[in-house]
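Trainee: got a predicted structure plus its sequence, pasted below:
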Number of protein chains: 2
Amino acid sequence: MFRFGIMGAGGIAAKFCDAVRRLEGAEVAAVASKSVERAERFARENGVVRFYGDYEEMLERERPDAVYVATTNNFHFENVMLCIRHGVPVLCEKSMFMTLAEAEEAFGFARERKVFLMEAMWSRFLPCVQKAREWVAEGRIGTVQIANYTGGINAPAEHRIFKPELGGGAMYDLTVYPIEILTYLVNQPLVDVRAEIGWGSSGVDEDNSLLLKFETCRGAVQTTTHARIPSPCGLYGPKGYIRLEQTHRASAVELYDGEFRLVERFESEVENGFEYEAAEVMRCVKMGELESAVMPHRDTLECIRVFEKALKGGERRGEGRAAVGCADMRYVNVTQPCEVGRQHIR
Amino acid sequence: MFRFGIMGAGGIAAKFCDAVRRLEGAEVAAVASKSVERAERFARENGVVRFYGDYEEMLERERPDAVYVATTNNFHFENVMLCIRHGVPVLCEKSMFMTLAEAEEAFGFARERKVFLMEAMWSRFLPCVQKAREWVAEGRIGTVQIANYTGGINAPAEHRIFKPELGGGAMYDLTVYPIEILTYLVNQPLVDVRAEIGWGSSGVDEDNSLLLKFETCRGAVQTTTHARIPSPCGLYGPKGYIRLEQTHRASAVELYDGEFRLVERFESEVENGFEYEAAEVMRCVKMGELESAVMPHRDTLECIRVFEKALKGGERRGEGRAAVGCADMRYVNVTQPCEVGRQHIR
């Protein structure tokens, strides 16, 4: 039995429990929260046998096969580092880290200690997203020329996303999806980024528009915290196009030819959605792999580079919605693709 | 009978003839081309009685109620100026002018001579586009937060669009649509533009990605000459969203609520498409109006400002597709909206 431990006892941790229940040969062995009461209630409600009021205690007593970090963004780095120190493989919620410095330290430490580490960008593992990438790789639409992804939620004022102290902001909570899914689907080196950031009076970025320049393709990513958007994504090439709806939880993907005729439609109902990433963690850990080919370290690092470049207008925080910071950014060194651009990944 | 004259004898002029045939009380009285043979053949094929091998001769002999300028982009300015000198109202194909200097001179001259002048952005007049604008104005989706429009053609190497000497380029032929339709639908002051231009070895821009920052809305516009794209357009607000397909020739428009449920669908089959703009020209000229409220001078000027700002990386022309110019631009003076931004228009 593959034994997961969970750090954090919120709604997303409960969803992960449900996902693990759908997997053969896996269980959630224990949950830990800073509040033992919260951990106990979570364990009771989610059928988890053991609970802890201390993360380290869970790691020491349980020695789980992997830990799922489900705390708020601001705690990810410290939780991940703790797991690595204990030699425990980690699946960490997105956005995994808030700065490039944190990310580089954690990934370096994981490599050094030979511990598996992966960002929980669950959507990459969905059958529909995999199918879209397969179609691109097979050249079904030719070399991708244009790609875009628009997403958003209409969040109430009291939402966590508006709280800087919890690592809020559209970038970390929303834009992370289009960046990581689009780069995965386009699968070309990313060479340049331009951004417009809408800073809110909440102190966080409330909407983002990015232009991602890939080798042969131009991508547009837009997200907002002020409109609920059904996350359409399009990939366009000379031979046709691919369209996803509700992209980050896609249950269908369509392939059209250059005459706008539907060529193929692939469906795969999303029940939970996290089971695919959980299965990948199990597989990688069993095989002794230190990272997943679907969600490798360099892709998380690259996403955080996009965050940092885009958010560098950050000094404008708190000026209110009307005052919008505009960051202008560019990967300065495209001759070192591992450092600053994206490699083709298999 | 309202008598149109046509300058230019290409395919788009033939389409305009067909449009005028669909209107009551209007006819194409004459056609002129630099080549009298072309004019004669066009007249015969399109049921136009009189033809001329000289533009000025047509103006003097026919004294048409309005002229439709259907020449290639590089000739628009000289054709328009000729009509104005003769006091003849003008509908001029898009993109109307290639530089802001030309546009300002022509609009100034038209105002001075009290001659009607309008860019032939026919799509603005389509019932579906009008319906979308109506829904926005009625607040059906709330204040627009995100807007986007993606378009493209997959042009063969010999296409006119790749010929700088004919005023080619994705900007003048393709991007003009999303800029002018999106600004019309969003209907907010435009305060900033960012662009990525893909310069081709043809010497023209072969793809464009623009971020348009409106007062409360962020727009993304993407076009390419290397992929045929069904021109989807989305407008997203806190209360719902509006979606168009084949936007510049939309035959349907849909309104969804914040729960992604279809609320209303409006259909209006596009047969020709140009008849609506032709009818507007007739109406305006008969009423003695000097510009159309749907396609006013300032919107054409603003579009050209976007062109100029976006294309200022133009010195990179001819470097080939891999070498991509990136223009960074900003309307410098947002306190003078008439000059540099967009006014709310009714």
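Mentor: Arrived safely. Just so it is clear, the model here is predicted, and its values are computed rather than measured. Numbers count the residues shown, from 1 in each chain, chains lettered A, B, ... in the order given.
Trainee: residue of the stretch 1-150 of chain A with the smallest distance to chain B?
Mentor: A:Gln145 (4.3 Å; CB to the nearest CB). Using the backbone N, CA and C atoms, a C-beta is placed for each residue, glycine as well.
Trainee: what's around that residue, how many residues?
Mentor: Neighbour count of A:Gln145, defined by other CB atoms under 10 Å in any protein chain shown: 27.
Trainee: same check, this time on A:Gly237
Mentor: When neighbours are counted by other CB under 10 Å, A:Gly237 registers 28.
Trainee: check the one 5 residues further on too.
Mentor: Each residue near A:Ile242 was counted by other CB under 10 Å, and the total is 25.
Trainee: do the same with A:Ser292
Mentor: The number of residues packed around A:Ser292, counting by other CB under 10 Å, is 22.
Trainee: before we move on, what SS does the closest residue in space to the residue of the stretch 1-150 of chain A closest to chain B that isn't next to it in sequence have?
Mentor: Beyond its immediate neighbours in the sequence, the residue positioned closest to A:Gln145 (CB to CB, 6 or more residues apart in numbering or on different chains) is B:Ala227, lying 4.3 Å away. Each residue gets one of three states, and B:Ala227 gets strand by DSSP: H, G, I helix; E, B strand; the rest coil.
Trainee: for B:Ala227, give its distance to B:Gly152.
Mentor: 5 Å (CB to CB, to the nearest Å).
Trainee: residues shared between the contacts of these two?
Mentor: Counting by CB atoms under 8 Å, 6 or more residues apart in numbering or on different chains, the common neighbours of B:Ala227 and B:Gly152 are A:145-146, A:236.
Trainee: quick check, nearest of the residues you listed to B:Leu301?
Mentor: Relative to B:Leu301, the closest of these is A:Ile146; by CB to CB it sits at 27.7 Å.
Trainee: burial count for the closest one?
Mentor: A:Ile146: 25 surrounding residues under other CB under 10 Å.
Trainee: swap in A:Gly258?
Mentor: Applying other CB under 10 Å, we find 17 residues neighbouring A:Gly258.
Trainee: kindly report the same for A:Ile153.
Mentor: Other residues close to A:Ile153 by other CB under 10 Å number 17.
Trainee: that one and A:Ile161 touch, don't they?
Mentor: Yes - look at A:Ile153 against A:Ile161 with CB atoms under 8 Å: they come within range, at 7.5 Å.
Trainee: of B:Ala227 and B:Gly152, which one has the most company?
Mentor: When neighbours are counted by other CB under 10 Å, B:Ala227 comes out ahead of the other of B:Ala227 and B:Gly152, with 28 against 25.
Trainee: got the phi and psi for A:Lys233?
Mentor: That one is not Lys; residue A:233 is Cys. Note on A:Cys233: backbone dihedrals following degrees, to the nearest 10 are phi -130, psi 140.
Trainee: which of the helices or strands spans A:Glu27?
Mentor: The secondary structure element spanning A:Glu27 is strand A:26-32 (assigned by DSSP states H and E).
Trainee: how many degrees apart are the helix or strand that that strand is followed by and strand A:26-32 in direction?
Mentor: The element immediately downstream of strand A:26-32 (helix or strand, assigned by DSSP H and E) is helix A:36-46. Computed by axes from the mean of the first three to the mean of the last three CA atoms, to 10 degrees, the angle separating helix A:36-46 from strand A:26-32 equals 160 degrees.
Trainee: which helices and strands sit right next to helix A:36-46?
Mentor: Helices and strands touching helix A:36-46, as assessed by 3 or more CB pairs under 8 Å, 6 or more residues apart in numbering or on different chains; DSSP states H and E, comprise helix A:11-21, strand A:26-32, strand A:50-52.
Trainee: pull out the buried positions in it.
Mentor: Within helix A:36-46, the residues that count as buried by 16 or more other CB atoms under 10 Å in any protein chain shown are A:38-40, A:42-43, A:46.
Trainee: take the residues you listed and lay them out in a markdown table including pLDDT.
Mentor: Written out in a markdown table, the entries for those read as follows (pLDDT from 0 to 100):
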| residue | pLDDT |
| --- | --- |
| A:Arg38 | 97 |
| A:Ala39 | 98 |
| A:Glu40 | 98 |
| A:Phe42 | 98 |
| A:Ala43 | 98 |
| A:Asn46 | 97 |
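Trainee: out of these, which is nearest to A:Arg85?
Mentor: A:Ala39 (20.9 Å).
Trainee: I figured that closest one hits A:Asn46, correct?
Mentor: No - judged on CB under 8 Å, A:Ala39 makes no contact with A:Asn46 at a distance of 10.6 Å.
Trainee: hey, what's in contact with both of those two?
Mentor: Joint contacts of A:Ala39 and A:Asn46 (CB under 8 Å, 6+ apart) are A:Val31.
Trainee: look up how far A:Glu289 lies from A:Tyr256.
Mentor: When distances are taken as CB to CB, A:Tyr256 and A:Glu289 turn out to be 36 Å apart.
Trainee: residues from the stretch 51-200 of chain A in reach of chain B?
Mentor: For the stretch 51-200 of chain A, the contact set with chain B under CB under 8 Å from any CB of the partner chain comprises A:141-142, A:145-146, A:148, A:150, A:152, A:154, A:192, A:194, A:196, A:198.
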